[in-house]
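K.L.:
sharing a model that was predicted from the sequence below.
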2 protein chains.
Amino acid sequence: MGKIKSAGLKELRRTGAAGLSLREVAKTAGISPSGMYRYVDGRDGLLELLISDGFEAFGSAIDEAIKKADNDLLSRLEAIAFTYRRWALANPDRFGLILGTPVPGFHARADGPTVSSVFRFSEPMVRVVAAAYGAGELVGLGADVAQDAKVPLDPTTFLPESLNELLARGWSRIHGLVSLELYGHLAWGDFNVERLLRAEMRSIMDELSNASPANVKRK
Amino acid sequence: MGKIKSAGLKELRRTGAAGLSLREVAKTAGISPSGMYRYVDGRDGLLELLISDGFEAFGSAIDEAIKKADNDLLSRLEAIAFTYRRWALANPDRFGLILGTPVPGFHARADGPTVSSVFRFSEPMVRVVAAAYGAGELVGLGADVAQDAKVPLDPTTFLPESLNELLARGWSRIHGLVSLELYGHLAWGDFNVERLLRAEMRSIMDELSNASPANVKRK
DNA sequence: TGAGAGTGCAAACAGTGTTCGCGTTTCTGA
DNA sequence: TCAGAAACGCGAACACTGTTTGCACTCTCA
């Protein structure tokens, strides 16, 4: 079983996501093509295995980066963004598999591991923002609602809407830059993408500050 | 030839980008599989045809949206963002084909139509920002460099670097939000994505203003 | 009347995912 | 201990894919 996963990752690196061949994976795993069906439900099952594994690996990488970063929100946001980018550049096929164009003919089952794995991946990002929110760093965003909230796992339950939107916008900024760079659509500008990411995270922080009542009063 | 393109688009809608079958396209076009090779260089050539067509269609849609929008930069940026989103949602396969995960085994030739088509698509966005820049709306960004610049086609030639970076960041914000929504990664929040896009464009505008010397002096 | 270019396609080849039936091995429980 | 069940593994076959090859069948124009 672990043999299949590692063989799948190897093949993934070689041929890319949608070009992944079950027969080739079987060959490098030392199993016959039909034998694969004992462990994995066809090609879709193989993809599902690699997808949930990818979410797990991506989430762990971001987890560790957060731990190593300084304790303030900006440092953590930058750590997330840089790790997001580095992981995507180092694992382009896995990145495309879990966050890119859906593989044709493949549809994740609603009860499958794919869906729940998304939370494993997005949870660290939510946690960082929610921690800052709980610590009172983000005043002016409905702080009365959840001042004493525990670290939330499900953003829809605990975070006020405006914070949720900032989270989505922050993630999408990272994702947009990294996707465009990864697929070569930023080649026209010779950009320092880390610099762009830093600017984007800085900008999100500024918006948080400007929205706070303290700053509004100062105006 | 047009028969092949329309049949390709039809199949693309049915099976998605990487699942596209040359044999099926041939069948719906009323040609034999081998006959396809008279008009198109195999499957890669078929994809190249559809990709350049997609860039053209996407670019035209944005062009028209800009024409219909009000003359100020914010209205135009919103028009671009909303059209970007609407077109992607209406043509998910074409969107994935031109801006998503590269199709496995397919590599665009450096001299092929794919590369040049990128400019046909990105040109409207560049033009809008450059026009505002030329009109003096964006002061404080090295306005001395290209105050009298003509409407540029190649951003690397005419735009100062800081403006170039803002363009990349603006595009990536749109692209990030639309990509995440399109592939179901924003399903955890019940977001009004148009609202998010409006906020992102507004935020880019604010950054432009804050960077201008006029506002700096006012502080 | 040709010659040549363009058009079209059936046949074949290697590759793919998947199913089926058949053995072999391993584990389990009485 | 030892039969039965469960798991493991695979070869053959089927329907699909992209691609190449060779052979026709039009036209055009000199």
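P.N.:
Perfect, I can see it now. Numbers count the residues shown, from 1 in each chain, chains lettered A, B, ... in the order given.
K.L.:
can you find the residue of chain A that comes nearest to DNA strand D?
P.N.:
residue A:34 (2.8 Å; CB to the nearest atom of the strand). Bear in mind the C-beta positions are built from the backbone N, C-alpha and C, glycine included.
K.L.:
name the residues of chain A found near DNA strand D, please.
P.N.:
A:30, A:31, A:32, A:33, A:34, A:35, A:37, A:38, A:39 (CB under 7 Å from any atom of the strand).
K.L.:
can you flag the buried ones in these?
P.N.:
Applying 16 or more other CB atoms under 10 Å in any protein chain shown to those, the neighbour count classes residue A:31 as buried.
K.L.:
just name the closest of the residues of chain A next to DNA strand D to residue B:92, please.
P.N.:
Comparing those against residue B:92 with CB to CB places residue A:37 closest, at 30.9 Å.
K.L.:
what about that closest one, which SS state?
P.N.:
For residue A:37, the reduced secondary structure class is helix; criterion used: DSSP: H, G, I helix; E, B strand; the rest coil.
K.L.:
OK, contacts around it?
P.N.:
Residue A:37 makes no contacts at all, as judged by CB atoms under 8 Å, 6 or more residues apart in numbering or on different chains.
K.L.:
can you tell me how far it is from residue A:4?
P.N.:
11 Å (CB to CB, to the nearest Å).
K.L.:
what of residue A:78?
P.N.:
Counting by CB to CB - residue A:78 and residue A:4 are separated by 37 Å.
K.L.:
packing partners for whatever helix or strand residue A:178 lives in?
P.N.:
Secondary structure from DSSP states H and E places residue A:178 in helix A:161-182. With contacts defined as 3 or more CB pairs under 8 Å, 6 or more residues apart in numbering or on different chains; DSSP states H and E, helix A:161-182 has these neighbours: helix A:73-90, helix A:92-99, helix A:113-134, helix A:155-158, helix A:193-211, helix B:161-182, helix B:193-211.
K.L.:
tell me which residue of chain A lies closest to chain B.
P.N.:
In chain A, the residue that lies nearest chain B is residue A:176 (2.4 Å; CB to the nearest CB).
K.L.:
confidence score at that residue?
P.N.:
Model confidence at residue A:176, expressed as pLDDT, equals 97.
K.L.:
what is the burial count for it?
P.N.:
25 (other CB atoms under 10 Å in any protein chain shown).
K.L.:
how far away is the residue nearest to it when sequence neighbours are not counted from DNA strand C?
P.N.:
With CB to CB, 6 or more residues apart in numbering or on different chains as the measure, residue B:176 is the residue that lies nearest to residue A:176, at 2.4 Å, once sequence neighbours are left out. Distance of residue B:176 to DNA strand C, computed by CB to the nearest atom of the strand, to the nearest Å: 31 Å.
K.L.:
for the helix of greatest length in chain A, buried residues please.
P.N.:
Once chain A is assigned using DSSP state H, the helix that runs over the most residues is helix A:42-68. Within helix A:42-68, the residues that qualify as buried by neighbour count (16+ other CB under 10 Å) are A:43-55, A:57-59, A:61-63, A:65-66.
K.L.:
how about the residue of chain A closest to chain B, what does it touch?
P.N.:
When contacts are counted by CB under 8 Å, 6+ apart, residue A:176 is found next to B:171, B:172, B:173, B:174, B:175, B:176, B:177, B:179.
K.L.:
do you know how far it is from residue A:53?
P.N.:
As for residue A:176, its distance to residue A:53 is 25 Å (criterion: CB to CB).
K.L.:
got the angle for the longest helix of chain A vs helix A:73-90?
P.N.:
Computed with axes from the mean of the first three to the mean of the last three CA atoms, to 10 degrees, the direction of helix A:42-68 lies at 140 degrees from that of helix A:73-90.
K.L.:
helix A:42-68 near chain B anywhere?
P.N.:
No. No part of helix A:42-68 sits near chain B under the criterion CB under 8 Å from any CB of the partner chain; the closest distance found is 11.2 Å.
K.L.:
cool, stretch A:4-23 as well?
P.N.:
Yes. Counting by CB under 8 Å from any CB, chain B is contacted by stretch A:4-23 at A:15, A:16, A:17, A:18, A:19, A:20.
K.L.:
in helices, which of these appear?
P.N.:
Applying DSSP H to the residues of stretch A:4-23 next to chain B, the entries found in helices are residue A:15.
K.L.:
distance to residue A:196 added to the residues of stretch A:4-23 next to chain B, as JSON lines?
P.N.:
Listed next are those as JSON lines, based on distance: CB to CB, whole Å:
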{"residue": "A:15", "distance to residue A:196": "31"}
{"residue": "A:16", "distance to residue A:196": "26"}
{"residue": "A:17", "distance to residue A:196": "26"}
{"residue": "A:18", "distance to residue A:196": "29"}
{"residue": "A:19", "distance to residue A:196": "31"}
{"residue": "A:20", "distance to residue A:196": "32"}
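K.L.:
any chance of the residues of stretch A:4-23 next to chain B in a markdown table, with pLDDT and neighbour count too?
P.N.:
Supplementary listing: those in a markdown table, determined by pLDDT from 0 to 100; neighbours: other CB atoms under 10 Å in any protein chain shown:
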| residue | pLDDT | neighbour count |
| --- | --- | --- |
| A:15 | 88 | 16 |
| A:16 | 85 | 20 |
| A:17 | 83 | 26 |
| A:18 | 80 | 25 |
| A:19 | 85 | 17 |
| A:20 | 92 | 21 |
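K.L.:
DNA strand C: which of the residues of stretch A:4-23 next to chain B is nearest?
P.N.:
Using CB to the nearest atom of the strand, these come closest to DNA strand C at residue A:20, 6.4 Å.
K.L.:
just checking, that closest one touches residue A:10?
P.N.:
No. Under the contact definition of CB atoms under 8 Å, residue A:20 does not touch residue A:10, with a separation of 10.5 Å.
K.L.:
so how far is stretch A:50-69 off the chain centroid?
P.N.:
8 Å (CA atoms, centre = their mean, to the nearest Å).
K.L.:
okay, the helices and strands packed on helix A:161-182 in TSV with distance to residue B:91 next?
P.N.:
Written out in TSV, the entries for the helices and strands packed on helix A:161-182 read as follows (distance: least, CB to CB, whole Å):
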stretch	distance to residue B:91
helix A:73-90	25
helix A:92-99	20
helix A:113-134	25
helix A:155-158	29
helix A:193-211	27
helix B:161-182	10
helix B:193-211	17
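K.L.:
comparing the ones you listed, which yields the minimum mean pLDDT?
P.N.:
Lowest mean pLDDT within the helices and strands packed on helix A:161-182: helix A:155-158, at a mean of 46.
K.L.:
around DNA strand C, pick out the residues from chain A.
P.N.:
Taking CB under 7 Å from any atom of the strand as the measure of proximity, chain A contacts DNA strand C at A:20, A:21, A:22, A:23, A:24, A:33, A:34, A:37, A:42, A:43, A:44.
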